[in-house]
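[1] based on what follows, work out the 3D shape:
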Amino acid sequence: MRYGPIDSSRSPRFTGVRTFMRLPYVETLDDVDVAVIGIPIDDAVSFKSGARFGPEGIRSASALLRPFNQRLHVDVTEHLSMIDHGDAPTVPGYHERTLEQIQAHLEPVHRAGVIPLCLGGDHSMVLGELRAAAAVHGPVALVHLDAHADVWDAYYGARYFHGTVFKRAVEEGLVDATASVQAGMRGTLYGASDIEEPRRLGYDAIYWDELEQMAPDAYGDRVRARVGDRPAFLSFDIDFVDPAFAPATGTPEVGGPSSGQALAYVRALTGIDFRGLDCVEVAPVYDQPANITAWVAASACFEMLSLLALRRARAA
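    Modelled structure (predicted):
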């Protein structure tokens, strides 16, 4: 049995239970290629909270998505059996326990050969995601689009925050930094040494002032050259997008890409062997009445699904 969304030409998009892209909610993983999983946490934010409601907001916005990607010329339902797998368990107020539960929830997904697309949730959740992925696939190549590198050592004396995850990931051997690319970083820093910290850890760091001069295809070529044929993980922080286009996030940084530009950078990542993906830091409470941030996030997730579908189509 293959799974796909409800036909919206027969049933209006505003009806039914809010799953991602109107996919069926399924608890088992048999005959599944991709499982969309919410991770509703925001215990590790450093400024504005609210991302625990991100999965709900993204799912609601995703009802408008249709299956055919006209830019990549691929129908995601033709090549992927997809489900909404519900939410990972969390323990509000006990962040390190939540990370353990995220890993325990996602590791069987990887072992079943299913690719998780996780909806966040603050960016600290990625540590649990990467622990699960690395337990099955070994250290992965990280492809990271974000306004922040998230490689600080600690916040307020605590080592597990949304701004420390990609330093912890290197220390724990979850990612191969020499095969990884971080891009889009901008904004104020604590000091000049922060600029080189990603590179000291081994990442290829493309700050926004460089990235905005690169065509998406050039960015994609640079990432593919770095990642090679390794198993990879794509993490998309919604604050990568300029807050004029995606205001509902806890730590916005002005001066970034438009929503169209941001999607083009995701779309350029064709051919990479992604074993896990996420979209994080959507906090719907700060959005405009039109919920534009959730629309951007849902669209970014659709581009990720399209990357998976296109890779399968080309391998067929």
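
[2] and the longest helix for the protein?
    Counting residues, the longest helix in the chain under DSSP state H turns out to be helix 292-315.

[3] dihedrals phi and psi, Ser235?
    For Ser235, the backbone dihedrals (degrees, to the nearest 10) come out as phi -120, psi 120.

[4] what ranges do the strands span in the stretch 201-316 of the chain?
    Per DSSP state E, counting those that start in this stretch, the stretch 201-316 of the chain carries strands over the ranges 204-207, 232-237, 274-280.

[5] okay, those strands, which one's buried deepest?
    strand 232-237 (a mean of 27; mean count of other C-beta atoms under 10 Å). Every C-beta, even on glycine, is put in place using the N, C-alpha and C of the backbone.

[6] what segments of this protein are helices?
    Taking DSSP H, the helices of the chain run over residues 54-61, 76-79, 95-111, 125-137, 165-171, 193-200, 208-211, 216-227, 259-267, 292-315.

[7] I'd like these laid out as a markdown table, including distance to Leu145.
    Compiled in a markdown table, the helices of the chain are given as follows (distance: least, C-beta to C-beta, whole Å):
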| stretch | distance to Leu145 |
| --- | --- |
| helix 54-61 | 16 |
| helix 76-79 | 20 |
| helix 95-111 | 21 |
| helix 125-137 | 12 |
| helix 165-171 | 12 |
| helix 193-200 | 13 |
| helix 208-211 | 9 |
| helix 216-227 | 10 |
| helix 259-267 | 6 |
| helix 292-315 | 9 |
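
[8] now tabulate the ones you listed in a markdown table and tack on distance to Arg22, mean neighbour count and mean pLDDT.
    Shown next, in a markdown table, are these (distance: least, C-beta to C-beta, whole Å; neighbours: other C-beta atoms under 10 Å; pLDDT from 0 to 100):
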| stretch | distance to Arg22 | mean neighbour count | mean pLDDT |
| --- | --- | --- | --- |
| helix 54-61 | 9 | 25 | 96 |
| helix 76-79 | 11 | 20 | 96 |
| helix 95-111 | 21 | 19 | 94 |
| helix 125-137 | 24 | 25 | 97 |
| helix 165-171 | 31 | 23 | 95 |
| helix 193-200 | 38 | 15 | 89 |
| helix 208-211 | 34 | 16 | 97 |
| helix 216-227 | 29 | 17 | 98 |
| helix 259-267 | 21 | 20 | 98 |
| helix 292-315 | 12 | 22 | 97 |
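
[9] run the angle between the longest helix of the chain and helix 259-267 for me.
    Relative orientation of helix 292-315 and helix 259-267, computed by axes from the mean of the first three to the mean of the last three C-alpha atoms, to 10 degrees: 30 degrees.

[10] send me helix 292-315 as PDB with only the CA atoms.
    Only the C-alpha atoms of helix 292-315 are listed here, as PDB (Å, rounded to 0.1, in the frame of the first residue of the first chain):
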ATOM      1  CA  ILE A 292       2.700  34.000   6.100                       C
ATOM      2  CA  THR A 293       5.500  32.400   8.000                       C
ATOM      3  CA  ALA A 294       3.700  29.100   8.200                       C
ATOM      4  CA  TRP A 295       3.100  29.300   4.400                       C
ATOM      5  CA  VAL A 296       6.800  29.800   3.800                       C
ATOM      6  CA  ALA A 297       7.700  26.900   6.100                       C
ATOM      7  CA  ALA A 298       5.200  24.600   4.500                       C
ATOM      8  CA  SER A 299       6.500  25.500   1.100                       C
ATOM      9  CA  ALA A 300      10.100  24.900   2.200                       C
ATOM     10  CA  CYS A 301       9.000  21.400   3.400                       C
ATOM     11  CA  PHE A 302       7.400  20.700   0.000                       C
ATOM     12  CA  GLU A 303      10.700  21.600  -1.700                       C
ATOM     13  CA  MET A 304      12.400  19.100   0.600                       C
ATOM     14  CA  LEU A 305      10.000  16.400  -0.400                       C
ATOM     15  CA  SER A 306      10.500  17.300  -4.000                       C
ATOM     16  CA  LEU A 307      14.300  16.800  -3.600                       C
ATOM     17  CA  LEU A 308      13.600  13.300  -2.300                       C
ATOM     18  CA  ALA A 309      11.100  12.500  -5.100                       C
ATOM     19  CA  LEU A 310      13.400  13.800  -7.800                       C
ATOM     20  CA  ARG A 311      16.400  11.700  -6.500                       C
ATOM     21  CA  ARG A 312      14.200   8.600  -6.600                       C
ATOM     22  CA  ALA A 313      12.800   9.400 -10.000                       C
ATOM     23  CA  ARG A 314      16.400   9.800 -11.400                       C
ATOM     24  CA  ALA A 315      17.500   6.500  -9.800                       C
END
